[in-house]
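Student: Show me how the following folds:
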Amino acid sequence: MRKLVRLIGSVLAPLLAAALLGLSSPAHADDPRSAEVLDQLFAALRSAEDPATAHELDRAIWAVWTNPSDPELHKRMRAVLYARGIGNIAQALRLLDTLVVDYPDYAEGWNQRATIHYMMGNLDLSLADCARVLELEPRHFGALSGRALIYLAQGKRALALKDMTAALAIHPFLSERRYFPELDRPPATQI
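Tutor: The predicted structure follows:
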């Protein structure tokens, strides 16, 4: 627990504050502050020793992803997240359809749309959006684990397992792991 408190105090608190103040943004790939913040968070997440630490790092990463520094994009993301939060999926999709056109390099816009498509049962559209997310942010454990769940629903277990393995290499405590019991077994020894 002390290690978690130190980690939050020394790394997460300033990074999360920077993200929430709009000092970093995944919307602007050339913003070195955004890349630095995410790099530090992902490095800490990969080496997280327990679910509580991973959860705090996960929250900080999502804060960076969903709080872009561009004021207009930030406002539009707030509208998307509000619509989704109150269950107005159709409105969230309409907002996201225009957002990804206006901000095609903003990975989280594509990820949110992938999630909405998934919720609506539009699995092929969700897969296409996940692919775009991963082009923009290959470490997006949400897109990887979401795509794994879609592949699992489609009966494509090998593809699902591949994506879940990749997601767990980034975020070792994802709850979706429970759908892949073979990942909890030690690998077979070779003779």
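Student: from here on, contacts and neighbour counts on C-alpha atoms
Tutor: OK.
Student: what bits of the chain have low per-residue confidence?
Tutor: Scanning the chain for pLDDT under 70 picks out 1-33, 185-191.
Student: which residue is nearest the middle of it?
Tutor: A centroid search over the chain (CA atoms, centre = their mean) returns residue 142, at 3.6 Å, as the residue closest to the centre.
Student: which residues sit in contact with it?
Tutor: For residue 142, the contacting residues are 111, 167, by CA atoms under 8 Å, 6 or more residues apart in numbering.
Student: Quick check: buried residues in the stretch of helix or strand it belongs to?
Tutor: Element membership for residue 142, per DSSP states H and E: helix 141-153. Of the residues in helix 141-153, 141, 142, 143, 144, 145, 146, 147, 148, 149, 150, 151, 152 count as buried by neighbour count, 16 or more other CA atoms under 10 Å.
Student: roughly how far is that helix from the heart of the chain?
Tutor: 11 Å (CA atoms, centre = their mean, to the nearest Å).
Student: do the same with stretch 150-157
Tutor: 20 Å.
Student: what ranges do the helices span in this protein?
Tutor: Taking DSSP state H, the helices of the chain run over residues 2-7, 13-20, 32-46, 51-66, 71-85, 89-102, 107-119, 123-136, 141-153, 157-170.
Student: Kindly reformat those helices as JSON lines containing distance to residue 177.
Tutor: Shown next, in JSON lines, are these (distance: least, CA to CA, whole Å):
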{"stretch": "helix 2-7", "distance to residue 177": "23"}
{"stretch": "helix 13-20", "distance to residue 177": "26"}
{"stretch": "helix 32-46", "distance to residue 177": "15"}
{"stretch": "helix 51-66", "distance to residue 177": "13"}
{"stretch": "helix 71-85", "distance to residue 177": "25"}
{"stretch": "helix 89-102", "distance to residue 177": "27"}
{"stretch": "helix 107-119", "distance to residue 177": "18"}
{"stretch": "helix 123-136", "distance to residue 177": "18"}
{"stretch": "helix 141-153", "distance to residue 177": "9"}
{"stretch": "helix 157-170", "distance to residue 177": "7"}
